[in-house]
Each structure stands twice: as structure tokens, then as C-alpha cells.
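Chemist: Just a sequence and a predicted model for now, questions to come.
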Amino acid sequence: MRRTSNRGQFQINTRLKKTFFPDSLPVPTASDILQSAGFKPTPMVCDYHHLLVEGDWPLQLKGSLYRIGPNPQFRPRGYYNPLMGDGMVHAFHIDQGRVAYRNRWVRTRQWQLEREAGRALFSTTGDPRQHDPSVLGVATNSVPIPIYCG
């Protein structure tokens, strides 16, 4: 971490090479800011146990920061509503001056069916007529399947 001001703000320098899968990611358009800039989806699951840090964290700083939010695994069908789509849990763990990062998709029935198909099957508009014909009538209650993030 590199200290950027006297107020304790830090800038993370992860120096991580990310692999992107253009065919599986939503393509942001000018009218769809919900999939660009700070809202851009993370296309993969990561486990980085020791992020490279510039500077020093206070050794007594220990804890975790979790971020839970929308993260489509495939290009959405039609208009994208982040409240009706896939989600992801991100976690930063800080201990003994080290920082680790992990993330996982929230594995709902909808997520599993789309993962098996390799593409988006469900519309995020709430209108079942916009779903793929292969899943018409399939109930998706968006109840996550528990996963261990250790």
C-alpha cells in the first residue's frame, strides 16, 4: 500500500494480471452505465493470498472487508437490471501487514442453469417472456446455495 495523504487513505497496487473473456462478459453501451467503470463485472473467481503491497499496513490492523454486489457471469439478455441478476461476494482480509483477496459468485439456481448452458438464459427485467425458451416456466427464487469462502 502506498500512503497518498495524511488522512490515512491508501492506494492498492495489486500488480495482478487479469484474464478477461470478452464473449462471456456484458458489453457496456453508452446508455448502460450499470456495466461500465466502477460497475464493470469481474469475469472470474480469484484467490490471491498475498497481494503485493507498497508501503506498510499497521501490524495491529486485522480484519476483513466484504463487498457484495451485482456481477453478471454472461452478457445479459436485453436491458440489464442489477437487482435481478447474478451477484458476487468480494473479500479483502488484512492480517500482520498482509492483504489477501477472494471472490465468489452467489450460486443461485438461476446462476447454476446459466453456468451449465454457458450463456444468459434469464432476463433481468422481471418479464419471463424475455427468458430463453429453454427455461420458460422454470422458477428461480434466487436463494443462494451455501459455499465455503474460508
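Modeler: Thanks, I have the structure now.
Chemist: Not counting residues beside it along the chain, what's closest to Arg109?
Modeler: Nearest non-adjacent residue to Arg109, counting by C-beta to C-beta, 6 or more residues apart in numbering: Thr140, 5.3 Å away. In short, each C-beta sits where N, CA and C put it, glycine included.
Chemist: Surely the one you found and Leu121 touch.
Modeler: No: Thr140 lies out of contact with Leu121 (C-beta atoms under 8 Å); the separation is 9.4 Å.
Chemist: just the CA coordinates of the strand or helix carrying Met88, formatted as PDB?
Modeler: Using DSSP states H and E, Met88 maps to strand 87-95. Below are the C-alpha coordinates for strand 87-95, written out as PDB (Å, rounded to 0.1, in the frame of the first residue of the first chain):
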ATOM      1  CA  GLY A  87     -24.100 -11.400  -7.700                       C
ATOM      2  CA  MET A  88     -20.600 -11.800  -6.300                       C
ATOM      3  CA  VAL A  89     -19.100 -11.600  -2.800                       C
ATOM      4  CA  HIS A  90     -15.600 -10.000  -2.700                       C
ATOM      5  CA  ALA A  91     -13.400 -10.200   0.500                       C
ATOM      6  CA  PHE A  92     -10.200  -8.400   1.500                       C
ATOM      7  CA  HIS A  93      -8.500 -10.000   4.500                       C
ATOM      8  CA  ILE A  94      -5.900  -7.900   6.400                       C
ATOM      9  CA  ASP A  95      -3.600  -9.500   9.000                       C
END
